[in-house]
Every structure is written in structure tokens, then in C-alpha cells.
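Engineer: Give me coordinates for this.
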Amino acid sequence: MAENIFRGVPKKDGGDHPECAPDEIFIGNHHQAGFRELPWKTKRAGNVAYDDRGNPVDDAQFFPVFVKRAEYQQKS
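Structural biologist: As a prediction, this is how the structure comes out:
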């Protein structure tokens with residue numbers, strides 16, 4: 001199993017993910033059908049989904065999703 005990359009790292013508001021760019025928000029792990037349904041224009045799929053303890057998710061159908069912070073704040 002892959003190393004827990006979040007061990008000892010405090011979570012930030014809105015969640016945290018190592019693939020999240022500074023101008024993005026991590027909105028959660030999704031599968032392809034759920035990703036298509038998300039309303040944000042700036043959404044992008046990442047590579048490795050992690051559970052809430054920072055362990056990689058075993059289900060390869062799930063991936064992290066990120067949205068530009070400006071668009072997320074505008075629609076929230």
C-alpha cells in the first residue's frame with residue numbers, strides 16, 4: 001500500500017490534497033459520472049484519491065476533483 005502522505009499534516013479549511021494548486025479548492029473524490037454532473041466550468045480531475053485519513057483509496061474509479069477558488073466562491 002502507498003505511504004500516507006497526510007500523516008502529521010494539519011488539514012486546511014475546505015479540505016486539502018497534494019495535487020491541489022494554490023488557486024484551487026479540493027471539492028472531494030468523484031467517479032466519472034459524478035464528475036460530468038458537477039456544475040463548475042473550471043473543474044479538473046486529479047490522479048490519486050485519498051480517504052479522510054490520508055490513505056489512498058483502493059477503488060480506481062475515484063479521483064480527486066478541484067475547482068478554481070474564484071469560481072467556487074462566486075457560486076457558493
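Engineer: Need phi/psi at residue 71.
Structural biologist: As for residue 71, its main-chain torsions (degrees, to the nearest 10) stand at phi -70, psi -40.
Engineer: Let me see the ranges of the strands in this protein.
Structural biologist: For the chain, strands defined by DSSP state E occupy the ranges 24-30, 44-45, 63-68.
Engineer: so can I have JSON lines of these showing mean neighbour count and mean pLDDT?
Structural biologist: The way it works is simple: take the backbone N, C-alpha and C, and place the C-beta from them, glycine included. JSON lines is the format used below for those (neighbours: other C-beta atoms under 10 Å; pLDDT from 0 to 100):
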{"stretch": "strand 24-30", "mean neighbour count": "20", "mean pLDDT": "93"}
{"stretch": "strand 44-45", "mean neighbour count": "14", "mean pLDDT": "97"}
{"stretch": "strand 63-68", "mean neighbour count": "21", "mean pLDDT": "95"}
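Engineer: Same list (those) but as a markdown table, adding distance to residue 75.
Structural biologist: As requested, the strands of the chain are arranged in a markdown table below (distance: least, C-beta to C-beta, whole Å):
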| stretch | distance to residue 75 |
| --- | --- |
| strand 24-30 | 11 |
| strand 44-45 | 16 |
| strand 63-68 | 9 |
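Engineer: looking at those strands, which is closest to residue 51?
Structural biologist: Ranking the strands of the chain by proximity to residue 51 (C-beta to C-beta) places strand 24-30 first, at 8.3 Å.
Engineer: Please save the CA atoms from that closest one in PDB.
Structural biologist: Output of strand 24-30 as PDB, limited to C-alpha atoms (Å, rounded to 0.1, in the frame of the first residue of the first chain):
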ATOM      1  CA  GLU A  24      -7.900  25.800  -6.400                       C
ATOM      2  CA  ILE A  25     -10.200  24.100  -3.900                       C
ATOM      3  CA  PHE A  26     -10.400  20.400  -3.400                       C
ATOM      4  CA  ILE A  27     -14.100  19.500  -3.500                       C
ATOM      5  CA  GLY A  28     -13.800  15.800  -3.000                       C
ATOM      6  CA  ASN A  29     -13.400  12.400  -4.700                       C
ATOM      7  CA  HIS A  30     -15.700  11.600  -7.500                       C
END
